[in-house]
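Participant: Fold the following and give me the result.
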Amino acid sequence: TDAAGKTIESLKDIQEQLGEGLQRQLQPQTAIWALSCSARAALASGDIAEANACADAALVRLAESGLADDPDSQYLAMDVDRLMSDCRWATDRVEEAIAFLHAAKDRYEEVVGGRLDQPARLSPALLERLAEPLFSIYQDLADRLAAIGEVDLRLMTRRRLIELLRGLTGRLGDPARLDLVSALTDLAHDLLESGRVDEADAAAGEAAT
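Facilitator: A predicted model of the protein is given here:
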C-alpha cells in the first residue's frame, strides 16, 4: 500500500547514510519498528485497511529477518503479535485477533519463565522490564475472549493476572496497585455477568480497599 511503501522508502534513505555493517544490524529492527508505528497511526486515524497492510508488512519482515525466533528479540516479536491482534480486531476478524494475542502471551510467558512468581529474587530493573507488558497482554486477552464464548478462560486469565499483580505490589508500588485495582474491577464485572454475585462482591471489595 501507499503507506507501507512510503515508510520503506524513508527507511532506504536512512540506510543509505549508514555504513554497510550498521545497516545489516539495524535494517530489520528499524523496518519493523517503522512499519509498526505507521500501522498504529493508521489504526488511530481510523484507516483500518492501511493499518492492516502495514502490520502485515511488519509481520513479514519479522519472519524474513529471523527475529521472530531470536531470544533477544522476543519483545519486538511480541509487539508485532499484539499489533496484528489489534488490527484484526478492528476488522472484526475476532478469531485471528485472539490467536495473535495468544501468541503474544505465549512469547511473554516464555520470556518470563515463571520469574514473576518470585519477584523478590529479581533486580528492580529486570522486574520492571518483565512486568511491563503483563497487564496489557492479559487484560486485552481477557476482554476479547468473551467474543468467542470463552467465559471460563476469560475468568482464568483475569485471576492469573490478579495473582501475579498481588505479588508485584510490594516491589513496584503504585503502578502495580493501580493495575491490580483495575484487574479486580474487571473480574468483578465478569463475575457479575456470569451470575456469580458473591464472588463479584468479594472482588469488588478487594478493589475498594
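Participant: contacts, neighbours, all on C-alpha from now
Facilitator: Fine.
Participant: burial of residue 126, as a residue count?
Facilitator: 11 (other C-alpha atoms under 10 Å).
Participant: how close does it get to residue 57?
Facilitator: Distance, residue 126 to residue 57, by C-alpha to C-alpha, to the nearest Å: 31 Å.
Participant: again with residue 187
Facilitator: Residue 187 sits 36 Å away from residue 57, going by C-alpha to C-alpha.
Participant: When the two are compared, which one has more neighbours?
Facilitator: Taking residue 187 and residue 57 together and counting by other C-alpha under 10 Å, residue 187 has the greater number of neighbours (25 against 21).
Participant: Let me know the pLDDT of the more buried one.
Facilitator: Predicted confidence (pLDDT) for residue 187: 95.
Participant: Same question for residue 11.
Facilitator: As predicted, residue 11 sits at a pLDDT of 50.
Participant: Beyond the longest helix belonging to the chain, next helix or strand please.
Facilitator: Ranked by number of residues, the top helix in the chain under DSSP state H is helix 20-45. For helix 20-45, the succeeding helix or strand toward the C-terminus, using DSSP states H and E, is helix 48-65.
Participant: This protein: helices as residue ranges?
Facilitator: 2-16, 20-45, 48-65, 74-90, 94-112, 124-131, 134-145, 151-172, 174-193, 197-208.
Participant: looking at this protein, which helix or strand is least sure?
Facilitator: Per-element confidence for the chain was summarised using mean pLDDT, DSSP states H and E. The lowest value among helices and strands belongs to helix 2-16, with a mean of 52.
Participant: before we move on, back to that, can you say which of the helices of the chain is nearest to residue 118?
Facilitator: helix 151-172 (7.8 Å; C-alpha to C-alpha).
Participant: Direction-wise, compare that closest one with helix 134-145 and give the angle.
Facilitator: With axes from the mean of the first three to the mean of the last three C-alpha atoms, to 10 degrees applied, the angle from helix 151-172 to helix 134-145 works out at 170 degrees.
Participant: Could you list every helix and strand in contact with helix 151-172?
Facilitator: For helix 151-172, the elements it packs on are helix 134-145, helix 174-193, judged by 3 or more C-alpha pairs under 8 Å, 6 or more residues apart in numbering; DSSP states H and E.
Participant: Quick check: which of those helices is nearest to residue 69?
Facilitator: Using C-alpha to C-alpha and comparing those, the one that lies nearest residue 69 is helix 134-145, at 19.7 Å.
Participant: buried set for the closest one?
Facilitator: Of the residues in helix 134-145, those scored as buried under the neighbour-count criterion (16 or more other C-alpha atoms under 10 Å) are 134, 135, 137, 138, 139, 140, 141, 142, 144, 145.
Participant: Look up how far residue 43 lies from residue 146.
Facilitator: In this structure, residue 146 lies at 23 Å from residue 43, with C-alpha to C-alpha as the measure.
Participant: Mind checking which of these two has more residues around it?
Facilitator: residue 43 (19 against 15).
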